[in-house]
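> With the sequence up front, the predicted model follows.
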Amino acid sequence: MSKLLKQLLKNSVMPAALMMVSKLLGIYIAVKFFDMDISLGNDLDGLFSVQVYIQSTSDALLANSFSNGLMLASMLTGFLYLTIKYTLYAKSSHDPRTIVKLTKFNLVKWVSDKNTVFTKIFVWGIFLLAACAITVTSSLSGETYSALGLAAFIIAVGDIWSMVRTFEVETAKIYPRDNNNYN
Amino acid sequence: MNSASTKAKLEKYGKYTEPFIILCLLALFIIPILSVINLSPKAIPTQTTLPPTGEDVLGVQNTSGYLDITLFEGNHSVVTDETLIQNEGDLYTYSTELLQRSKGAYSKPVFEVSNGTTTSAELLFSLSKIPNSSTQVGVFYNETNYVLKASDGTIYQHKMNIGAGQTVEIYLYISNDSNVNFSEEVTLEVLTSQSGN
């Protein structure tokens, strides 16, 4: 079996679970904290047969915004953690000052951990992109605050840029550019 | 030796499992996304059914205050929090909350209509707030059930005639084919008018 497939499968479980759990947790906290009246509906229209209903439109807007915000924050945290780790690792390979700073803060072992690989960043990036897309769509259909939709859009742009940049750095290892040798 | 041969077999047959692994991977991406979309709560949809304009459809002139509609109240295992409000003279709004219930049919006397005039009157029953589930809702009187919302979601209106000096007890009839594990609100509108007969 392909090693890449195995790695992708292994690395996809955590972000998938976190996405669902954070959304559920967000709804639970919103309902409990703001004392909302929630019910389940068995609708046969559309793709889903079970739908979560909230009594008023304003409560539904608040619950959606809160849960989407929490989901976005948790996916962004995971992605940023891996990206920062990878960036420091990549930078330390050709910048001695970075190694000195990392040693000073006792972060060398953390940065050079073999678990920081491109597939992990790629998978987390895809899930973050999906979370952003859900938030933006929800905001456009009036179910989430527009400020959150805008923030999700900006995060999505940053996410795509980050993934492309990471891909460029990885491919530069295999196909180095000539001017790298003369830095 | 055994582990080496097992490993060799896995390597040999592993390529045949790859399509299924790819499907699992796709499912691992798609299922959380669909779950999150489905988990997004929505506001309960309210459906308003406008009653027909009195004079053209009923063919009579509406007058006010000639019918008495009295709420029964009382305790019931399913029908709770009943209110009856008179709006705009001829329109009555009855609201109730249906509690969670198991499969079956339920009925409760909800209000009594008394025609104290010398002419017969007409009542138009319609639902303005319907339950989201496949619950069937109707009004029951004179041993007959008149469906206002069918299990498939179709909405109906019902016209009832009440003679001069008559009193009729109206029951709310609820029926569901499966257990309903949540509360629902139902609002019934009753438009009254006097008939020329």
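Structure's in. What do you need? Everything numeric in this text was worked out from a predicted model, so none of it was measured.
> ok, and what's touching stretch A:119-133?
Stretch A:119-133 is contacted from outside by A:4, A:7-8, A:11-12, A:15-16, A:19, A:68, A:71-72, A:75-76, A:78-79, A:82-83, A:86, A:152-153, A:155-156, A:159-160, A:162-163, A:166, B:29, B:32-33, B:36, using Cβ atoms under 8 Å, 6 or more residues apart in numbering or on different chains. For the C-beta atoms, the positions are set from N, CA and C on the backbone; glycine is no exception.
> Just the buried residues out of the residues you listed, in ChimeraX syntax.
The ChimeraX command for the buried members of the contacts of stretch A:119-133 (criterion: 16 or more other Cβ atoms under 10 Å in any protein chain shown) is given here:
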select /A:8,11,12,15,16,19,68,71,72,75,76,78,79,82,83,86,152,155,156,159,162,163,166 /B:29,32,33,36
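> Sort out which of the contacts of stretch A:119-133 are in helices and list them.
A:4, A:7-8, A:11-12, A:15-16, A:19, A:68, A:71-72, A:75-76, A:78-79, A:82-83, A:86, A:152-153, A:155-156, A:159-160, A:162-163, A:166, B:29, B:32-33, B:36 (DSSP state H).
> Okay, now the unreliable bits of the chain?
The chain I'm using is chain A. For chain A, the stretches with pLDDT under 70 are A:1, A:42-48, A:108-116, A:175-183.
> please go with chain B instead
B:1-2, B:10, B:45-66, B:89, B:195-197.
> who in it is up against chain A?
Chain B has residues B:10, B:14-15, B:17-18, B:21-22, B:24-25, B:28-29, B:31-44, B:132-134, B:178, B:181-184 near chain A, with proximity defined as Cβ under 8 Å from any Cβ of the partner chain.
> Helices - which of these land there?
B:10, B:14-15, B:17-18, B:21-22, B:24-25, B:28-29, B:31-39.
> and the residues you listed, which are buried?
Here, 16+ other Cβ under 10 Å leaves B:21, B:28-29, B:32-33, B:36, B:39 buried among these.
> Generate TSV for the residues you listed, with distance to residue A:90 as supplementary columns.
Conversion of those to TSV gives the following (distance: Cβ to Cβ, whole Å):
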residue	distance to residue A:90
B:21	30
B:28	28
B:29	26
B:32	29
B:33	30
B:36	32
B:39	37
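> any idea how far residue A:78 is from residue B:100?
Distance, residue B:100 to residue A:78, using Cβ to Cβ, to the nearest Å: 39 Å.
> ignore the last one, residue B:94
Taking Cβ to Cβ as the measure, residue B:94 falls 52 Å from residue A:78.
> and what of residue B:188?
51 Å.
> can you check residue B:189 too?
52 Å.
> Tell me which strands the one helix or strand residue B:173 maps to pairs with, and in which orientation.
Element membership for residue B:173 (DSSP states H and E) is strand B:167-176. Strand pairing for strand B:167-176, determined by DSSP bridges: strand B:104-115 (antiparallel), strand B:136-141 (antiparallel).
> Now do the buried residues in that strand.
So, applying 16+ other Cβ under 10 Å, buried residues of strand B:167-176: B:168, B:170-176.
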